[in-house]
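Trainee: 3D, please:
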Amino acid sequence: MQGDINRDKRIDDNDLTSFMNYTGLRTVDSDFEYVSAGDVNKNGLIDAYDISIVATQLDGGAHASATDKAEGTIAVTPGKTSYKAGDELRLTVSGKDLKCVNALSFALPYNTAELEYLGMELLNMKEMVNLTNDRLHSNGQKELFPTFVNRGNNALLEDGDLFVIKFKAKKAGKYNLKAIDGMLVDRSLGIKQF
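Mentor: Below you'll find the predicted structure:
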């Protein structure tokens with residue numbers, strides 16, 4: 001993955017596979033330097049924008065108009081606000097007023113002494129490639145990085161419930177997770193942060 005990623009380089013599935021392994025890497029990670037050239041937007045995080053550089057060039061490429069700009073918001077809503085040990089905590093991720101959304105990502109930091117990540121239930125993610133990574137950073141912080149991108153010109157996201165994140169509570173507690181570093185990306189690689 002070292003070297004510049006640009007639109008003139010021949011892109012293939014191997015490039016996308018490399019990103020699958022590095023989704024969610026931050027500058028605090030010991031191996032970030034190895035993939036730092038892949039942090040195209042230079043925000044210190046391998047995210048949906050960086051991965052879209054590759055994915056929009058696959059399968060014939062993405063077709064976009066200059067007026068097609070990503071819009072809308074993403075909400076993460078817990079099924080319950082308090083839980084006891086052993087409970088399954090279901091977080092519904094939904095989109096509102098979505099327009100031209102070709103990729104999305106956000107980080108969800110969590111405490112492994114309190115929660116265990118169980119997986120996702122995809123609801124309305126169309127043909128998007130799931131590059132979600134449950135990453136343990138070099139500094140000991142755990143973050144889930146729900147990340148989805150379209151290959152080429154696949155269908156854009158629409159409003160509604162998109163997916164459910166599932167955790168198991170290791171002990172009683174109250175819901176206090178907060179999504180950070182959220183972005184929606186359009187086919188022209190424009191970004192709408194949330």
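Trainee: Residue 65 versus the spatially most central residue of the chain, what's the distance?
Mentor: Geometric centre of the chain, nearest residue: residue 147, 2.0 Å, by CA atoms, centre = their mean. In this structure, residue 147 and residue 65 are 25 Å apart, going by CB to CB, to the nearest Å. In this view, the C-beta of every residue, glycine as well, is placed from N, C-alpha and C.
Trainee: same deal with residue 127?
Mentor: With CB to CB as the criterion, residue 127 and residue 65 are 21 Å apart.
Trainee: What of residue 96?
Mentor: In terms of CB to CB, residue 96 sits 23 Å off from residue 65.
Trainee: per-residue confidence for residue 97?
Mentor: pLDDT for residue 97: 98.
Trainee: got the phi/psi numbers for the residue nearest to the centre of the chain?
Mentor: Phi and psi for residue 147, reported as degrees, to the nearest 10, are phi -140, psi 130.
Trainee: which residue ranges form the helices in the protein?
Mentor: Ranges of helices within the chain are 13-22, 32-35, 48-55, based on DSSP state H.
Trainee: so which of these gets nearest residue 135?
Mentor: helix 13-22 (9.4 Å; CB to CB).
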